[in-house]
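Chemist: What shape does this take:
(one chain, ligands or ions: 3)
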Amino acid sequence: MKLIVLDRDGVINQDSEAFVKSVEEWIPIPGSIEAIARLSQAGWTVAVATNQSGLARGLFDLNTLADMHLKMQRLVMEQGGRIDLIVHCPHGPDDGCDCRKPAPGMFRTIAEHFGLEDLHGVPVVGDSHRDLHAGLVLGGTPYLVKTGKGLRTLMNSLPPGTQVFDDLAAVADHLLKTDR
Ligand SMILES: O=P(O)(O)OC[C@@H](O)[C@H]1O[C@@H](OP(=O)(O)O)[C@@H](O)[C@@H](O)[C@@H]1O
Ligand SMILES: [Mg+2]
Ligand SMILES: [Zn+2]
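Modeler: Ligands and ions are numbered 1, 2, ... in the order given. Next comes the predicted model:
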């Protein structure tokens with residue numbers, strides 16, 4: 001199965017230190033929507049795993065989050081692709097959940113959803129260390145993009161084997177060129 005797991009803020013859409021709190025604030029990074037559609041059309045299954053502590057912080061509610069994800073899905077579908085699964089962690093940093101990256105809970109959920117034992121060989125694309133570490137627990141292959149917090153993440157050591165690309169479009173170019 002050609003499965004890829006994407007972080008959301010800073011990979012698909014522009015991130016904000018003030019959090020992305022509304023549909024209007026949810027703005028795609030240039031090329032990312034098209035990149036997801038290209039992967040999807042090439043037979044890749046696309047999952048999104050996103051920390052959304054803004055929910056626990058009371059910055060927005062589940063309806064607003066659902067509206068953001070409807071917008072994301074609609075934009076991808078307008079390009080002829082689809083996002084097959086979106087999972088989010090609604091908890092805050094102090095809630096001690098097992099789904100807030102770098103904890104691997106969302107990645108376990110994704111693997112189970114698709115009937116996989118683990119995520120060996122599955123590209124895990126993020127802009128933060130926590131994205132890469134969460135995916136590694138199940139054997140995912142880490143890809144760092146320089147969008148969002150990626151340049152800041154690059155300033156510290158990366159997990160061994162991390163591949164670095166300018167953005168999600170460049171990751172898609174790479175994967176589609178070397179499509180397994
Ligand atoms: O990159 P993903 O996982 O899709 O989502 C990240 C967001 O939930 C927010 O995560 C927050 O981290 P804290 O939750 O405050 O540690 C901050 O980094 C915000 O800037 C960011 O928008
Ligand atoms: Mg991010
Ligand atoms: Zn959680």
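
Chemist: what packs against the helix ranked longest in the chain?
Modeler: Using DSSP state H, we find that the single longest helix of the chain is helix 62-78. Applying 3 or more C-beta pairs under 8 Å, 6 or more residues apart in numbering; DSSP states H and E, one finds that helix 62-78 contacts helix 32-41, strand 85-89. In short, each C-beta sits where N, CA and C put it, glycine included.

Chemist: most packed of these?
Modeler: helix 32-41 (a mean of 22; mean count of other C-beta atoms under 10 Å).

Chemist: ok, residues contacting that helix?
Modeler: With C-beta atoms under 8 Å, 6 or more residues apart in numbering as the test, helix 32-41 has contacts from 4, 6, 11-13, 46, 72, 75-76, 79-83, 167-169, 171-172, 175-176.

Chemist: how does it look with 7 Å?
Modeler: Identification of contacts with helix 32-41 by C-beta atoms under 7 Å, 6 or more residues apart in numbering yields 4, 11-12, 46, 75-76, 79-83, 167-169, 172, 175-176.

Chemist: Out of those residues, which sit inside strands?
Modeler: 4, 46 (DSSP state E).

Chemist: what's near enough to touch residue 83?
Modeler: Residue 83 neighbours (C-beta under 7 Å, 6+ apart): 36, 46, 48, 72-73, 76.

Chemist: please redo it, this time with the cut-off set to 10 Å
Modeler: Counting by C-beta atoms under 10 Å, 6 or more residues apart in numbering, residue 83 touches 6, 12, 36-37, 40, 45-48, 69, 72-73, 75-77.

Chemist: What is the nearest of these to residue 118?
Modeler: residue 47 (14.2 Å; C-beta to C-beta).

Chemist: How many neighbouring residues does that closest one have?
Modeler: Look at residue 47: counted by other C-beta atoms under 10 Å, it has 24 neighbours.

Chemist: so what's it bridging to?
Modeler: residue 5, residue 85 (DSSP bridges).

Chemist: about what we covered before: what subset of the contacts of residue 83 is buried?
Modeler: 6, 12, 36-37, 40, 45-48, 69, 72-73, 75-76 (16 or more other C-beta atoms under 10 Å).

Chemist: could I get those residues as TSV with pLDDT and distance to ligand 1?
Modeler: As requested, the buried ones among the contacts of residue 83 are exported to TSV (pLDDT from 0 to 100; distance: C-beta to the nearest ligand atom, whole Å):
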residue	pLDDT	distance to ligand 1
6	99	9
12	99	8
36	99	14
37	98	19
40	98	19
45	98	19
46	99	14
47	99	12
48	99	8
69	98	11
72	98	11
73	98	15
75	99	16
76	98	16
